[in-house]
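Visitor: Compute the structure for the input listed below.
(one chain, ligands or ions: 1)
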Amino acid sequence: MPHMLITGANRGIGLEHTRVLLSRGWHVSAACRNPDKASDLKALDPGDGRLKILAYDAGKAGAADALKAEVSGPIDILFANAGVFGPNDQSFGNSDFDAITRTLQVNAIAPLKLAEAFADQVAKSQLKVMALQSSRMGSIADNTSGGYYAYRASKAALNAIGRSLSVDLKPKGIITLIFHPGWVKTDMGGAGGTLTVNECVEGQLDLIARANPAMNGRFFHVSGEDLDW
Ligand code: NDP
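Guide: Residues are numbered from 1 along each chain as shown. Next up is the predicted model:
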């Protein structure tokens, strides 16, 4: 039975990935900060052992290694999805050293630590996909409006990390996909988003199902279009 490990599984895009893959018969290791409070996630449990809810705080050193102790066997999709927007005020002149550092830890460093912890289990699976939930706001080429220092820098860093993973993990047969999920109606995307979580997730899973070596290390809009770095 195929298996996905996803972070940020308690709400938004991560919750919908979990819901859709459970409905397709997958096993899902669903990592979130507060399993006790993850009522929407718990409500998805089919009760047959396919859903494992695991504690994971992306902002803590050692979190990926602690998670590794809880997740055994091959992992077809490792989805580093958890993310934060960062401080409310990200305008020039108001940068907050500690808040930007925390944003970088969660959005960029944590996915690298996950990749390091789980690469061997991904390599043992059928699909062998490492998916990183980035953002077009991390595209330097696309940035004509400025600001958003913490979020933009963290997602640009994630893109750089994803590209290196695509080189370093290629010998293991792993395909690294870097995603902009679209503008999605979630707590982070807000009500103005143009995609529902389901449209986003179906699109991402379609791309993942088609994953092949020619897609390794590319930055994809959920529509399948390549994005500029
Ligand atoms: P939500 O705000 O709805 O969900 C964010 C998820 O990340 C939550 O599950 C949250 O958990 C989790 N998370 C945040 N911080 C941590 C942490 N320290 N440790 C573990 N989990 C954490 O946002 P989305 O679902 O929209 O976002 C998912 C991803 O998609 C993010 O990486 C985001 O940057 C990216 N994205 C979203 C876009 C959109 O339009 N929605 C556009 C571009 C990118 P908790 O409930 O504990 O806070």
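
Visitor: Show me which residues of this structure are close to the ligand?
Guide: 7-8, 10-14, 32-34, 56-59, 81-84, 106, 133, 135, 180-181, 183-184, 186-189, 193 (CB under 6 Å from any ligand atom). Using the backbone N, CA and C atoms, a C-beta is placed for each residue, glycine as well.

Visitor: residue ranges for the strands of the protein, please.
Guide: Secondary structure of the chain (DSSP state E): strands located at 3-7, 27-32, 51-55, 77-80, 129-133, 175-180, 218-221.

Visitor: What is the neighbour count of the closest residue to residue 105 other than its chain neighbours?
Guide: With sequence-adjacent residues excluded and distances taken as CB to CB, 6 or more residues apart in numbering, residue 105 is closest to residue 59, at 5.3 Å. With neighbours defined by other CB atoms under 10 Å, the count for residue 59 comes to 16.

Visitor: Can we start the residue count at 23 from this point?
Guide: Noted, 23 is the first residue going forward, which turns the last one into residue 81.

Visitor: got the contact list for residue 81?
Guide: For residue 81, the contact set (CB atoms under 8 Å, 6 or more residues apart in numbering) comprises 124, 127, 128, 132.

Visitor: Tell me the gap between the longest helix along the chain and the middle of its chain.
Guide: Using DSSP state H to assign secondary structure, the helix with the most residues in the chain is helix 171-190. With CA atoms, centre = their mean, to the nearest Å as the basis, helix 171-190 stands 12 Å off its chain's centre.

Visitor: Of the strands of the chain, which stretch is the most buried?
Guide: Of the strands of the chain, the one with the most neighbours on average (mean count of other CB atoms under 10 Å) is strand 99-102, at a mean of 29.

Visitor: what helices or strands is it leaning on?
Guide: strand 25-29, helix 132-145, strand 151-155 (3 or more CB pairs under 8 Å, 6 or more residues apart in numbering; DSSP states H and E).
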